[in-house]
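Peer 1: When you get a sec, could you give me coordinates for this:
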Amino acid sequence: MAPVSCGLPCVEGCVCDSGYLLYNDQCVPSQQCGCWHNGQHYPVGSEFWTDNTCSSKCTCPARGSKVQCFNASCPAGQFCGVQDGRPECLEQSYGICHVHGDPHYNTFDKVTHNFMGNCTYTLAKVCSNTTSLPYFNVEAKNDHWVAFFFFSGGVEEEEANGECGRR
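Peer 2: This is a model prediction of the structure:
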């Protein structure tokens, strides 16, 4: 509380009522402010994974109470993946990556690309060793054909056991 006589000039400010805190530019009850865990903020009631293997899940019950974590895993039919920079359990889905012609690449997300030039392109690979998938890397190499034409000269595949194949 300020002294009765203050020699400083008045300034505009914002103060929340007792029991309220400023949260997202609004005064809210303190128990609705969320939790901090490893430098990240989570809203009250949120659940989040603490690792990229989806083996530890946490909840933010209320401000002032500790984040509660427990061992967990993704349900059947789902796998642990990273989406929007955060680990999540994602639905298993299947797609087709198709390479054909002069050279046309149809990707898993159904987008067509026409890559010209004699380069090697990664079609599919395991990005990290923290998944349950065995390592693999599938690449296609464009070869110069004639004049202004290129074609996919084949696909190289490398597996975890070190075996390579060309198709």
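Peer 1: quick one, domains of this protein?
Peer 2: Annotated domains of the chain cover 20-91, 98-166 [automatic domain parsing].
Peer 1: Tell me which of these sits nearest to Gly7.
Peer 2: Closest approach to Gly7 among the domains of the chain is made by domain 20-91 (27.6 Å; Cβ to Cβ). C-beta coordinates here come from the backbone N, C-alpha and C atoms, glycine included.
Peer 1: Which of the three states applies to Thr53?
Peer 2: Using DSSP: H, G, I helix; E, B strand; the rest coil, the structure places Thr53 in coil.
Peer 1: ok, it touching Val82?
Peer 2: No - using Cβ atoms under 8 Å, Thr53 makes no contact with Val82, being 10.8 Å away.
Peer 1: Wait, a helix at Gln31?
Peer 2: Yes - assessed with three-state DSSP, Gln31 lies in a helix.
Peer 1: What is the neighbour count of Ala62?
Peer 2: The number of residues packed near Ala62 is 14, by other Cβ atoms under 10 Å.
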